[in-house]
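[1] Just a sequence and a predicted model for now, questions to come.
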Amino acid sequence: MNFIYPLIAVLIWSINAIVSKLAASSIDPAAISFYRWLIAFAVITPFVIPSVVRQRQIIKQHLAKFFVLGALGMCMFQGLAYFAAQTISAALMGVANGVIPLLTLILSLFILRSALTLGLIIGALLSFVGLVWLVTNGHPLSLLSDGINKGEMLILLASLAYALYGVLLKKWAIPVTPWASLYIQIFFGLVCIIPFFLCADNVALNATNIPLVLFAGIPASIIAPFTWMAGIRLLGAYKASIFLNFAPIFTVIIAAIFLNESITIHFVIGTILVLIGVIVAQTVKKTFATKSK
């Protein structure tokens with residue numbers, strides 16, 4: 001039953017894509033991003049602050065790294081996703097987020113000096129074709145004349161930001177407990193979001209957007225990370241990461257049920273290509289290293 005933990009995390013994050021779409025019409029993206037992390041920060045403070053105090057010397061030594069992680073994971077990833085939700089479907093957001101494991105592998109080539117694999121090459125090509133098919137509604141040549149719209153560009157940048165976040169988190173391996181690390185990252189994420197929040201227009205909380213903010217602030221920002229970290233502890237990072245491939249599927253199904261988003265044959269084909277590409281990149285490990293004589 002250990003698989004339940006990462007599955008719960010992925011399901012919550014998939015639902016959060018729907019929440020992001022619903023929030024697009026009721027609150028400014030910068031506002032929900034700020035409120036979300038403010039709630040998460042306030043809720044976990046009583047539980048985490050003793051650990052943070054004990055590890056304060058280590059934390060002080062890595063403040064710049066925590067700032068970068070908070071900017072990438074809390075400010076850029078979530079903030080760009082909320083802005084993207086104003087113009088693209090929740091289903092497309094889910095598929096774009098499903099590419100994060102592939103982007104992580106690609107960035108690892110350059111930052112972690114990981115080995116180039118056959119699976120990564122084939123997977124990247126398949127996922128690229130799938131994404132082009134998705135954003136052009138099955139007419140890839142239209143990309144040459146119409147280009148890519150703002151929302152699609154933002155969600156891809158958001159996915160790239162989170163992939164970079166994951167790679168840097170592994171590269172730096174800051175020696176503090178996971179919750180203390182998350183807490184400091186949230187703090188710096190809030191610091192980065194404040195200027196955008198102050199410039200936002202629609203920041204008022206009301207009966208429509210409060211439930212959305214609460215879901216983003218507690219299940220998506222606290223419960224999901226907790227169950228995800230539990231899944232990594234019980235299954236290992238690699239096995240847990242496989243469950244991320246369910247995120248696009250969950251999001252597409254939930255969006256169809258609750259947002260009445262139509263699922264066309266073009267969308268199905270593109271999604272399948274993206275998922276196959278990600279799975280191939282994760283599983284085919286043959287490298288191009290040559291044996292010395």
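    Good, I have the coordinates.
[2] Report the rounded mean pLDDT for stretch 157-174.
    Average pLDDT, stretch 157-174: 91.
[3] What are the buried residues along it?
    Under the neighbour-count criterion of 16 or more other Cβ atoms under 10 Å, stretch 157-174 has 157-169, 174 buried. For every residue, glycine as well, the C-beta is placed using N, CA and C.
[4] Also stretch 3-20?
    5-20.
[5] From those residues, pick the one nearest L92.
    Checking these against L92 with Cβ to Cβ, the nearest one is A17 at 9.3 Å.
[6] Just to check, E152 is in contact with T136?
    No: using Cβ atoms under 8 Å, E152 is not in contact with T136, being 9.9 Å away.
[7] Max pairwise distance over the buried residues of stretch 3-20: which two?
    It's Y5 and S20 that sit farthest apart of the buried residues of stretch 3-20, by Cβ to Cβ, at 23.2 Å.
[8] And the buried residues of stretch 3-20, which is closest to L72?
    W13 (16.7 Å).
[9] Check which helix or strand the closest one maps to.
    According to DSSP states H and E, W13 maps onto helix 4-23.
[10] chain center to the longest helix anywhere in the chain: distance?
    In the chain, with assignment by DSSP state H, the single longest helix is helix 29-54. Offset of helix 29-54 from its chain centre (Cα atoms, centre = their mean, to the nearest Å): 18 Å.
[11] Output the next helix or strand after that helix as CSV, nothing but the C-alphas.
    The C-terminal neighbour of helix 29-54 among helices and strands, as given by DSSP H and E, is helix 56-61. Written as CSV, here are the backbone C-alpha positions of helix 56-61 (Å, rounded to 0.1, in the frame of the first residue of the first chain):
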residue,chain,number,x,y,z
ARG,A,56,19.8,27.8,11.7
GLN,A,57,23.6,27.8,11.2
ILE,A,58,23.3,25.5,8.2
ILE,A,59,20.4,27.5,6.8
LYS,A,60,22.4,30.7,7.1
GLN,A,61,25.2,29.2,5.0
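[12] Okay then, goodbye and thanks.
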